[in-house]
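Participant: Pasted the sequence and its predicted model underneath.
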Amino acid sequence: MIDHLTVVDHPLVQHKLTLMREKDTSTKSFRQLLREISLLLAYEVTRSLPMTTVRIETPLCEMDAPQIDGKKLALISILRAGNGLLDGILELVPAARVGFVGLYRDPETLKPVQYYFKVPAELEDRVTIVVDPMLATGNSSVAAIDLLKKAGAKDIRFLCLLAAPEGIARMKEAHPDVPIVTASVDDHLNDHGYIVPGLGDAGDRMFGTK
């Protein structure tokens, strides 16, 4: 099991994150950077996958070689911004099963409202990686993981680009068994529930919407 909170401080991750934070970074560049950084973050979140060995034949001899054990990974995107991380991880793990949790944040209460839920079968036998660029209040992430646990998921990991201390605390309180992998722990949340210094609304910047 990886630590409850892992901050990926690799120079490439930090450099790309700085470019994404810049307010003048274009939508096209933002999407490309998010895809690139998701590959690097995925490397960390998959570090402790269960392994086994299989007998193979190389051009020179037979050997017992390592491979990932168990059913294929389940990647769960919290819509819509999670899809930016999802695309990059699928390049690294193309055989993974994919699910979606649709949640939006009520602007008045900051509470999550569910509008969609479709996930792979047999989650109890899969490592489940939940992706969402921003861990802000933590309410949406907690709600998504609540739903996944009800669907049978047991080995869940959460991957985000940025995290606020408030969101980390909320997740640890609600789901202490779910490790978090992120590129940065930022300073705080503002009155609107946005991460500061952050990078704005990840979904809007990814899709060019306001």
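Facilitator: Okay, I see it.
Participant: alpha carbons only for contacts and neighbour counts from here, please
Facilitator: OK.
Participant: right, and L33 touches K16 too?
Facilitator: Yes - between L33 and K16 a contact is recorded at 6.2 Å, counting by CA atoms under 8 Å.
Participant: Show me the strands in this structure, by range?
Facilitator: Listed in chain order, the strands of the chain (DSSP state E) span 5-7, 51-57, 62-68, 74-79, 97-105, 112-118, 127-131, 134-135, 155-159, 162-163, 180-182, 184-185, 188-189, 195-196.
Participant: Pipe the ones you listed into a markdown table and attach mean pLDDT and mean neighbour count per row.
Facilitator: Formatted as a markdown table, the strands of the chain follow (pLDDT from 0 to 100; neighbours: other CA atoms under 10 Å):
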| stretch | mean pLDDT | mean neighbour count |
| --- | --- | --- |
| strand 5-7 | 94 | 16 |
| strand 51-57 | 96 | 11 |
| strand 62-68 | 95 | 12 |
| strand 74-79 | 95 | 24 |
| strand 97-105 | 90 | 19 |
| strand 112-118 | 90 | 14 |
| strand 127-131 | 96 | 25 |
| strand 134-135 | 94 | 28 |
| strand 155-159 | 96 | 22 |
| strand 162-163 | 96 | 26 |
| strand 180-182 | 96 | 24 |
| strand 184-185 | 96 | 20 |
| strand 188-189 | 94 | 19 |
| strand 195-196 | 95 | 22 |
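Participant: Same list (these) but as TSV, adding distance to G208.
Facilitator: Shown next, in TSV, are the strands of the chain (distance: least, CA to CA, whole Å):
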stretch	distance to G208
strand 5-7	28
strand 51-57	41
strand 62-68	38
strand 74-79	16
strand 97-105	18
strand 112-118	22
strand 127-131	20
strand 134-135	17
strand 155-159	23
strand 162-163	20
strand 180-182	24
strand 184-185	23
strand 188-189	23
strand 195-196	19
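Participant: Ok, which of those strands comes nearest I37?
Facilitator: Closest of the strands of the chain to I37 is strand 180-182, at 10.6 Å (criterion: CA to CA).
Participant: any idea how far the closest one is from the chain center?
Facilitator: On the basis of CA atoms, centre = their mean, to the nearest Å, strand 180-182 sits 7 Å off its chain's mean C-alpha point.
Participant: who touches L147 in this structure?
Facilitator: Contact analysis of L147 by CA atoms under 8 Å, 6 or more residues apart in numbering lists nothing.
Participant: Model confidence score at it, please.
Facilitator: Looking at L147, its pLDDT reads 95.
Participant: ditto for M1
Facilitator: On pLDDT, M1 comes in at 44.
Participant: Also the one 3 residues further on?
Facilitator: Looking at H4, its pLDDT is 88.
Participant: How many neighbouring residues does it have?
Facilitator: Residues near H4, counting by other CA atoms under 10 Å, number 16.
Participant: What pLDDT does the model give the nearest residue to it once chain neighbours are set aside?
Facilitator: Spatially, and ignoring its direct neighbours in sequence, H4 is nearest to P179 (4.0 Å; CA to CA, 6 or more residues apart in numbering). Reported pLDDT at P179 in the predicted model: 95.
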